[in-house]
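Colleague: Provide a 3D model corresponding to the input given below.
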Amino acid sequence: MFEKQTLLKGALILIVALAVLQIIQPAVIVIDTSKLSGWQVDIVAVVQHFFTATPFALLAGFGWSIFGFLRYKFGDPTVQYELNKQYQTFVWFEGIIIIVSAGLPTPLATAIAGIIMALKSVFNALKNPPALPAAIGPPSPS
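Modeller: Numbers count the residues shown, from 1 in each chain. You can find the predicted model right below:
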């Protein structure tokens, strides 16, 4: 039961965050920078970029944490969904996607960030391989 409540909290956080971004994003994107100085234009551009890239990062981070949870859940039914893993994944993904999408269109940056996350996952799995099941010995004589 706790696992379902935690997963539900994660999904609700995602929905609320996406809704807030969708409500605020149009106002941020149309900010007129024609009367601003150079450094103010740069700040507005960064904020606009954040509001453009973050919905992708939220969805990708949540999807990635669900994928990771399910991957372990099928091998071990006692695994619980950890909300802090969702936060960590989102922050990691947000950092990558904002940096990469600063120079590339957001869809391409999302794809690159996904590839980086997949590579990170593979390297983590190679670094910390799961324990092998105990070998089954020959049957004992009866």
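
Colleague: what ranges does the chain have for its helices?
Modeller: In chain order, the chain shows helices spanning 2-29, 38-75, 83-101, 106-127, with DSSP state H as the criterion.

Colleague: from the contact counts, what lies against the first one?
Modeller: So the one you mean is helix 2-29. helix 38-75, helix 83-101 (3 or more CB pairs under 8 Å, 6 or more residues apart in numbering; DSSP states H and E). Quick note: C-beta positions are derived from backbone N, CA and C, even for glycine.

Colleague: so where's the protein shaky on pLDDT?
Modeller: 1-5, 106, 128-142 (pLDDT under 70).

Colleague: if we use 50, what do you get?
Modeller: Within the chain, the ranges that satisfy pLDDT under 50 run 1-2.

Colleague: spatially central residue (nearest the centroid) of it, please.
Modeller: Note on the chain: the residue nearest the mean C-alpha position is Gly61, at 1.3 Å, using CA atoms, centre = their mean.

Colleague: now the closest residue to it other than its chain neighbours: how far from Val100?
Modeller: Of all residues not flanking Gly61 in the chain, Phe90 sits nearest, at 3.3 Å (CB to CB, 6 or more residues apart in numbering). The gap separating Phe90 from Val100 is 16 Å, by CB to CB, to the nearest Å.

Colleague: of the two, who's got more company?
Modeller: Phe90 (23 against 18; other CB atoms under 10 Å).

Colleague: and the more buried one, how far from Ser65?
Modeller: 8 Å.

Colleague: which residues are in contact with both of the two?
Modeller: Any residue near both Phe90 and Ser65 by CB atoms under 8 Å, 6 or more residues apart in numbering counts here, and not one turns up.
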